[in-house]
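Peer 1: structure of the sequence below:
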Amino acid sequence: MTPAAAFTGLMGVAQYQAQGKIGKYNQAVNNRNAQVLEGQATQIEQKADFDIAQFQKDFKKMEGETTVALAKSGVELGTGTAYNIELSNAYEAKLQENLIRYNSEVAAANKMEEANFARIRGTMARNDAKMAQIGTVAQTGTSLMSMSGGFGSKSQGQFGSTANNSTFSNYS
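Peer 2: Next up, the predicted model:
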């Protein structure tokens with residue numbers, strides 16, 4: 001093996017290994033990004049629980065203030081307009097809680113989708129690296145073959161093949 005062929009082979013191996021490491025690294029980065037996004041989805045869901053609890057606290061405070069205001073004005077609580085206000089407020093409160101929950105579920109689902117795409121990008125990066133490795137092996141193999149004369153080459157003298165030439169057949 002010539003020094004050039006040995007160098008080509010060693011460089012091909014080094015490139016192959018580097019491509020594999022790059023692919024694994026890019027996949028690991030994207031998998032880590034996916035984990036971060038999944039953590040954000042969980043935080044969004046937990047924040048929704050906190051927001052609902054905070055809303056319920058604020059709602060009870062507002063409900064108490066409304067009850068006091070109605071009582072001061074002499075309205076009989078639990079009947080007529082007071083009842084309608086109480087019922088309307090309860091309906092709006094439930095609607096607001098559902099809206100908070102819905103928005104958090106949509107945001108969390110979006111984060112999970114981003115996480116899925118990050119994993120897909122990681123898998124694609126790894127597959128790209130594998131394809132590059134295959135290309136490196138093919139290119140290195142082609143280079144080595146061209147240095148050695150290729151497959152099935154026969155040694156020929158400086159005047160070409162003399163196998164079918166009766167004049168030179170005794171000398172080849």
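
Peer 1: same for whichever strand or helix holds residue 146, what does it pack against?
Peer 2: Taking DSSP states H and E as the definition, residue 146 sits inside helix 80-148. Secondary-structure packing of helix 80-148 (3 or more C-beta pairs under 8 Å, 6 or more residues apart in numbering; DSSP states H and E): helix 3-72. C-beta: built from backbone N, CA, C; applies to glycine.

Peer 1: what about this structure, any weak spots by pLDDT?
Peer 2: For the chain, residues meeting the criterion pLDDT under 70 lie at 150-172.

Peer 1: from residue 75, how far out is the residue minimising distance to the centre of it?
Peer 2: The structure's the chain has its C-alpha centroid closest to residue 118; by C-alpha atoms, centre = their mean the separation is 0.9 Å. Separation of residue 118 from residue 75 (C-beta to C-beta, to the nearest Å): 58 Å.

Peer 1: swap in residue 93?
Peer 2: Counting by C-beta to C-beta - residue 93 and residue 75 are separated by 20 Å.

Peer 1: also residue 34?
Peer 2: 57 Å.

Peer 1: those two: who's more crowded?
Peer 2: Between residue 34 and residue 75, counting by other C-beta atoms under 10 Å, residue 34 is the more crowded of the two (21 against 16).

Peer 1: and residue 75, what element?
Peer 2: Per DSSP H and E, residue 75 falls between elements, in no helix or strand.

Peer 1: hmm, residue 81 and it touching each other?
Peer 2: Yes: counting by C-beta atoms under 8 Å, residue 81 is a contact partner of residue 75 at 6.7 Å.

Peer 1: residue contacts, residue 42?
Peer 2: By C-beta atoms under 8 Å, 6 or more residues apart in numbering, the contact list for residue 42 reads residue 108.

Peer 1: run the last query once more with 10 Å
Peer 2: Residue 42 sits next to 108, 111-112 when contact means C-beta atoms under 10 Å, 6 or more residues apart in numbering.

Peer 1: buried subset of the residues you listed?
Peer 2: Burial by neighbour count, 16 or more other C-beta atoms under 10 Å: within these this picks out 108, 111-112.
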